[in-house]
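J.: This is a predicted model, with the sequence first.
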Amino acid sequence: MVYDRHRDRVFGQALRLMRSSHDAEDVTAMVFLELWRRRKTVTLVNETLIGWLLVTTNNVSHNFVRSMRRYKAVIDRIPPAEPDGTHDFDRVDEEIDSARRGRSVGSAFAQLSANDQNIITLCVLEEFSLAEAAVALRIPVGTVKSRLSRAKQRLSAFTTEEIERTAIASGGAK
């Protein structure tokens, strides 16, 4: 009943935003699914759903476009087939895993204290010697050495946690 009453207006709005009837149909279906999912919290305006449905259509359309853009970016990173028509799937898999690890390490690095970030930046990323890092940080060489050891341990622990969290969020695939 609600679907029959409002589907044409929702579809029309989706079509204006998507410019493809196929995508507009998908958006329309998602809007009514969202209506069902949120049926207890939907806000009526002048005792009608159309305002909520049209705003939701806008939001779902924008999310749909963003999702398709991300999907296309991933597809574009996959190298073309070799001249013999085969793909190097192992290389693609390694590149995806490497990117995932890089994001995990970056997230783990952000969790470190400022002192740990400074030590890792100077000694690991910029390859300063312990003596050079000590001068830059105005601390004794022994302190640099012990902080570096602890910072590496913390970074390793945070990275492991982040990789596990990512694996769980993506359905268990590492």
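T.: Sure, I can see it.
J.: For the rest of this, base every contact and every neighbour count on C-alpha atoms.
T.: Will do.
J.: continuing past the helix or strand of the chain with the lowest mean pLDDT, what's the next helix or strand?
T.: Lowest by mean pLDDT, DSSP states H and E among the helices and strands of the chain is helix 89-111, with a mean of 66. Sequence order places helix 114-119 as the next helix or strand after helix 89-111, per DSSP states H and E.
J.: Against which helices or strands is that next one packed?
T.: helix 141-169 (3 or more CA pairs under 8 Å, 6 or more residues apart in numbering; DSSP states H and E).
J.: buried residues in the helix it packs on?
T.: 141, 144-145, 147-148, 151-152, 154-155, 158-160, 162-164, 166 (16 or more other CA atoms under 10 Å).
J.: distance of the residue nearest to residue 119 when sequence neighbours are not counted from residue 77?
T.: What sits nearest to residue 119 in space, not counting adjacent residues and going by CA to CA, 6 or more residues apart in numbering, is residue 148, at 5.9 Å. Residue 148 sits 36 Å away from residue 77, going by CA to CA, to the nearest Å.
J.: swap in residue 1?
T.: Applying CA to CA to residue 1 and residue 77 gives a distance of 45 Å.
J.: Those two - which one has more neighbours?
T.: residue 77 (11 against 6; other CA atoms under 10 Å).
J.: Tell me, what's the model's pLDDT at the more buried one?
T.: The confidence metric pLDDT takes the value 76 at residue 77.
J.: Need the contact partners of stretch 123-140.
T.: Identification of contacts with stretch 123-140 by CA atoms under 8 Å, 6 or more residues apart in numbering yields 119, 122, 141, 143-145, 148.
J.: In TSV, list those residues along with distance to residue 62 and pLDDT.
T.: Below are the contacts of stretch 123-140 laid out as TSV (distance: CA to CA, whole Å; pLDDT from 0 to 100):
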residue	distance to residue 62	pLDDT
119	42	87
122	42	88
141	54	94
143	52	95
144	49	94
145	50	95
148	45	94
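J.: Could you list the residues in contact with stretch 112-122?
T.: By CA under 8 Å, 6+ apart, stretch 112-122 touches 109-110, 128, 133, 144, 147-148, 151-152, 154-155.
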